[in-house]
Every structure is written in structure tokens, then in C-alpha cells.
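> Quick one, what's the 3D model for this:
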Amino acid sequence: MKWNIERKYIRVGLIALGVIVLAILFNYSLQNNKEMANVKATIQGTLSPIVMGCILAYLLTPFLHFFEDYCFLPLGRLLFKSEQTLAKRKNFARGMSILCTMLLLLVVVVGGLYLVIPQVYQSLSKIVTDAPTYYDEVQKWVESLNPEKSEISRYLLLGVDQVYTQALNYLNKSILPNMDKIVAGITSGIMGGLKILLNVVLSLIISIYVMAGKENLISVAKKMIYSIFSIEHANTILDGMRYAGKVFGGFVNGKIIDSFIIGGICYVFMVIVGFEYAVLISIVIGVTNIIPYFGPFIGGIPSVLILLMVNPKQGIIFAIFVLILQQVDGNIIGPIVLGDRLKLSSMWILLSILIGGGFFGVIGMILGAPCFACLYTFISTISKRKLDKKNLPTETDVYYDIERIVKEDGACVVIQNKTRRIEEKKVPEEAPKQND
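Sure, this is the predicted structure:
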């Protein structure tokens with residue numbers, strides 16, 4: 001006997017099976033937290049070089065295209081003139097472009113570290129060495145406020161003494177007696193550093209393979225999407241992926257350029273006015289500027305505090321400079337470099353940063369806005385298509401005055417409420433399909 005099972009019942013059964021499996025896994029994870037944590041760590045350790053390699057290849061693709069289009073494809077036409085050597089020409093251009101791209105990355109990273117790390121180390125060493133001097137200066141400044149006449153100055157002095165005493169107690173009671181544990185931690189840290197180095201090397205190798213065969217990988221992904229989904233849904237997914245790539249690429253690359261400009265302006269200003277720790281503070285300001293909205297405060301507050309310890313006047317001047325710099329960045333530099341790539345209101349961007357930071361930390365704060373922009377566009381596209389099928393308006397402004405929509409005599413009636421007057425606007429429904 002042959003069983004004829006409709007396709008919709010198979011789909012419902014698979015969904016029910018998936019829900020049951022997910023429920024069992026969720027219950028197991030609640031009862032076995034340690035084992036699930038180990039599994040999670042194993043998965044992260046395995047996938048991290050792959051993910052980092054793909055991200056690195058994605059960020060380096062514009063440089064790869066530049067070397068291909070403007071350098072090695074023209075050179076390949078000169079070296080391989082026959083049409084039969086077209087494959088050799090493409091392989092030559094791709095291989096040389098990858099080599100130049102990786103050399104450019106190596107020069108930028110090594111050169112940047114060679115120039116920056118010594119100065120950052122000197123700045124941090126100077127902060128640690130001069131910490132007692134800074135403490136004495138702050139204490140003298142607080143004492144100069146005349147504690148006998150000022151309650152605020154007396155509380156400030158007590159707070160400074162308490163912080164300094166707690167720091168000494170922590171050093172004498174927690175750090176020094178546990179030096180053996182610290183040494184063991186350093187040893188494990190060295191092993192962790194070697195593992196990180198291995199992951200970096202693997203990420204570079206994977207990025208090279210991704211850049212070498214990115215067209216083939218994209219073709220395979222499209223083939224799988226069209227084989228699984230309907231043509232209409234597959235086209236929608238591909239459109240969404242193209243938009244996501246455009247948003248992520250433009251936002252991330254633009255933010256990196258914008259932050260580099262802001263850090264450079266900060267460094268030039270600090271060198272001109274003669275402030276200390278110019279390299280360290282400029283790096284902090286530039287790196288934290290990648291985070292929208294909250295980045296300037298995350299980087300500006302500790303930088304101002306460092307300069308306040310050195311010289312209160314420098315700290316106040318730098319705080320004013322940071323406020324002006326962020327206004328210039330938000331109104332001039334940012335729009336020029338980034339443009340309106342996200343196409344989101346400030347409220348949505350702020351909400352996406354808070355949610356992303358709450359779940360994924362700093363990475364979530366950086367990528368929360370572009371991820372939310374992609375999700376917002378996906379939902380908006382689906383909504384517009386659904387409204388088009390119902391022959392309803394797709395413009396958002398139209399719905400501001402709509403009170404409700406009802407059907408009367410085969411047509412949708414949009415009832416609008418403007419200045420307490422009821423207006424009716426008939427919207428024709430989609431014509432019924434004729435049966436063949």
C-alpha cells in the first residue's frame with residue numbers, strides 16, 4: 001500500500017520535530033551548565049579562526065579588487081595575449097593581487113605596532129612611575145580648598161586617602177602573597193598567547209583561500225539557496241545579502257577611516273599644545289570612536305582623567321577639545337566618510353547599540369547598528385510586499401492619520417481622522433484571479 005502524504009504535513013512534522021529537539025537541548029543545557037560551557041568553548045575555539053579569516057578576507061577584498069583592476073589585469077593582458085591563456089591571466093592577476101594585499105596588511109600592522117607600542121609602553125610606564133607624584137598633587141590641591149570651611153573638600157580628601165589606602169592594602173595583601181598563582185597565570189597566559197598566535201596564522205591562511213576562491217564560494221552559496229527555497233524567496237534572500245554586504249562593508253570601512261582621522265587630529269592637537277601622553281590618548285580616542293554615540297565618552301572620560309592628574313588646566317582644555325572634535329566628526333567628517341549608509345533614525349541606532357552591547361559586549365556595540373539596519377530593511381521589505389498584495393499604501397506617512405481599515409463592497413475603506421473629521425478613502429482591492 002502506497003502512502004500519499006501531502007507536503008504541508010511533512011513540513012509541519014519537521015517543524016514539530018525541530019521544536020522538540022530544541023526543547024530537549026535547552027533543558028539539557030540548563031541541567032549541565034559546565035558541560036555546555038565546555039562544548040561552547042570548544043566550538044568557539046574551532047570556529048574562531050574560520051570566522052576571523054572570513055571577516056579578514058571581507059575587509060581586504062576592496063584592496064584585492066584595486067590591485068586586480070588597476071595593476072595586474074592590465075599587466076596580465078600584456079603577458080598573456082592569447083585568448084587560450086585567459087585562465088592563466090586571471091590566475092596570475094588573482095595570485096599577485098593576494099600577495100600584494102597580504103604584504104600591505106603586513107606592512108601596516110608591523111609598521112603601526114613598531115611605531116606605536118614603544119610610545120604606548122613609555123606612556124604607561126610614566127603613568128605608573130609618576131602615580132605617587134600625581135597623588136601628592138591631587139592631595140595638595142584638595143587641601144588648598146581649606147577643609148575647615150568646606151565640607152566638599154573634606155569629603156574629597158577622605159575619598160582620596162581611602163582610595164590610596166585600599167590600593168596599598170590590595171598590593172600588600174592580595175598581590176604579593178599570591179605571587180605563585182600570578183606566575184602560574186602568566187605561564188597559562190603565555191600558552192594562551194601561543195594559541196592566539198596560532199589562530200592568527202590560521203586566520204591569515206583561511207583569508208587567503210577565501211580571497212582566492214571567493215567567486216566559487218559565492219556560486220555554491222547561490223546554488224544552495226535556489227535549491228532550498230522558492231525562486232521568489234531565494235531572490236529576496238540574495239537581495240538581502242547584497243544589501244547586508246553593502247551596509248557592513250561601507251559602515252565598517254568608513255568607521256575605520258573616520259576613527260583614523262579623528263585619532264590623527266587628536267594627536268596633532270596634543271603635539272601642538274604640548275600635552276603629555278599624546279600617542280596613548282590619541283589611540284584611545286581613535287579606537288573608541290568606532291563605537292557610535294558612546295565611543296567618544298568611553299575614550300574621552302579616562303583620557304581627561306589622566307590629563308587632570310598631570311595638570312587640571314590641560315584636562316579641562318582637552319575635555320573642551322574632545323566635545324568640539326565630536327561635533328565636527330558628527331556633522332562634517334562622519335557624513336562625508338560614511339554618508340547615510342544605515343538609513344536609521346537616532347533612536348533605532350541607540351537601541352541597537354544598547355542591545356548589542358548588552359549581549360555581545362564591545363563587538364555588539366560596534367556591529368549592532370549595521371545588523372539592526374539589515375534586519376530593519378528585511379522586515380520593511382516583507383511588509384511592503386504584503387501590503388502590495390493587499391493593495392494598501394506602503395508609505396509610512398500615510399498611516400499617521402489612519403484610524404482603521406475596513407472592507408465594504410469588495411473594497412478596502414481607509415478611514416482617516418484629521419482634525420476630528422472622518423474622511424473615507426476607497427482603495428481598490430486586488431482583482432480576483434480568473435480560473436484557467
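> Poorly predicted segments of the stretch 301-436 of the chain, please.
The stretch 301-436 of the chain contains residues with pLDDT under 70 at 338-343, 407-436.
> mind listing the helices for it?
Assigned by DSSP state H, counting those that start in this stretch, the helices in the stretch 301-436 of the chain fall at 312-328, 334-337, 346-389.
> I'd like the ones you listed as CSV, with distance to Leu22 and mean neighbour count appended.
Heads up, the C-betas are built off the backbone N, CA and C, glycines and all. Converted to CSV, those look like this (distance: least, CB to CB, whole Å; neighbours: other CB atoms under 10 Å):
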stretch, distance to Leu22, mean neighbour count
helix 312-328, 45, 16
helix 334-337, 42, 15
helix 346-389, 19, 16
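> Of the ones you listed, give the one that comes closest to Tyr209.
For Tyr209, the closest of the helices of the stretch 301-436 of the chain is helix 346-389, at 24.0 Å, according to CB to CB.
> circling back: tabulate the helices of the stretch 301-436 of the chain in CSV, adding columns for distance to Leu113.
Formatted as CSV, the helices of the stretch 301-436 of the chain follow (distance: least, CB to CB, whole Å):
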stretch, distance to Leu113
helix 312-328, 25
helix 334-337, 25
helix 346-389, 20
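> mind checking which of those is nearest Leu204?
helix 346-389 (20.0 Å).
> and that closest one, what other elements does it pack with?
Counting contacts by 3 or more CB pairs under 8 Å, 6 or more residues apart in numbering; DSSP states H and E, helix 346-389 is packed against helix 231-273.
> pLDDT averaged over the helix or strand that comes right after the helix it packs on - what is it?
Using DSSP states H and E, the helix or strand that follows helix 231-273 in sequence is helix 278-288. Helix 278-288 shows a mean pLDDT of 86.
> ditto for stretch 253-268
Here the average pLDDT along stretch 253-268 is 86.
> May I see the buried residues of it?
Of the residues in stretch 253-268, those buried by neighbour count under the rule 16 or more other CB atoms under 10 Å are 254-255, 258-259, 261-263, 265-267.
> Out of these, flag the one nearest to Val39.
The closest of the buried residues of stretch 253-268, once distances to Val39 are taken by CB to CB, is Lys255, at 33.8 Å.
> Surely that closest one and Ile290 touch.
Yes. Assessed by CB atoms under 8 Å, Lys255 is found in contact with Ile290 at 5.1 Å.
> Residues that sit against both of the two, list them.
Ile366 (CB atoms under 8 Å, 6 or more residues apart in numbering).
> Excluding chain neighbours, give the residue nearest to Ile256 in space.
With sequence-adjacent residues excluded and distances taken as CB to CB, 6 or more residues apart in numbering, Ile256 is closest to Ile290, at 7.1 Å.
> what comes into contact with stretch 288-297?
255-256, 258-259, 262-263, 285, 298-300, 322, 326, 329, 349-350, 353, 357, 362, 365-366, 369.
> Show the end-to-end separation of it, please.
When the termini of stretch 288-297 are compared using CA to CA, to the nearest Å, they are 8 Å apart.
> For it, list every residue counted as buried.
Applying 16+ other CB under 10 Å to stretch 288-297 flags 288-293, 295-296 as buried.
> repeat for stretch 91-102
Buried-residue list, stretch 91-102, by 16+ other CB under 10 Å: 92-94, 96-98, 100-102.
> mind checking how far the closest residue to Ile262 other than its chain neighbours is from Ser282?
Distance criterion CB to CB, 6+ apart; nearest residue to Ile262, sequence neighbours excluded, is Asn289 at 4.8 Å. Separation of Asn289 from Ser282 (CB to CB, to the nearest Å): 11 Å.
> Kindly report the same for Gly263.
Per CB to CB, Gly263 is found 5 Å from Ser282.
> cool, Ala244 as well?
Applying CB to CB, the value for Ala244 to Ser282 is 32 Å.
> quick one, which of the two is more surrounded?
Using other CB atoms under 10 Å, the more surrounded residue of Ala244 and Ser282 is Ser282, with 25 against 17.
> Can you give me every residue that contacts the residue nearest to that one when sequence neighbours are not counted?
Excluding its sequence neighbours, the residue lying closest to Ser282 (CB to CB, 6+ apart) is Tyr267, at 3.8 Å. By CB under 8 Å, 6+ apart, the contact set of Tyr267 is 278-279, 282.
> And for Gly364?
Residues near Gly364 by CB under 8 Å, 6+ apart: 355-358.
> of these, closest to Ser207?
Taking CB to CB as the measure, Ser207 sits nearest to Gly356 out of the contacts of Gly364, at 24.6 Å.
> doesn't Val362 make contact with that closest one?
No. In this structure Gly356 lies outside contact range of Val362 using CB under 8 Å: 9.4 Å.
> what about the helices in the stretch 1-150 of the chain?
Remark: helices of the stretch 1-150 of the chain, listed N- to C-terminal, are 7-31, 33-67, 73-79, 86-129, 131-143; assignment by DSSP H, counting those that start in this stretch.
> Buried by neighbour count: which residues of the shortest one qualify?
Applying a neighbour-count criterion of 16+ other CB under 10 Å, one finds 73, 76 buried in helix 73-79.
> Give me the contact list for that helix.
If you take CB under 8 Å, 6+ apart as the criterion, helix 73-79 is touched by 88-90, 92-93, 96.
> Between those residues, which sits nearest Ser29?
Using CB to CB, the shortest approach to Ser29 within the contacts of helix 73-79 belongs to Lys90, at 47.8 Å.
> List the contacts of the closest one.
Residues counted as contacts of Lys90 (CB under 8 Å, 6+ apart) are Gly76.
> what distance separates the start and the end of stretch 270-284?
First residue to last in stretch 270-284 (CA to CA) measures 13 Å.
> thinking again about what came up before, mind putting the contacts of helix 73-79 into TSV with distance to Lys195 and pLDDT?
Shown next, in TSV, are those (distance: CB to CB, whole Å; pLDDT from 0 to 100):
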residue	distance to Lys195	pLDDT
Lys88	40	81
Arg89	41	82
Lys90	37	84
Phe92	36	87
Ala93	36	88
Met96	32	91
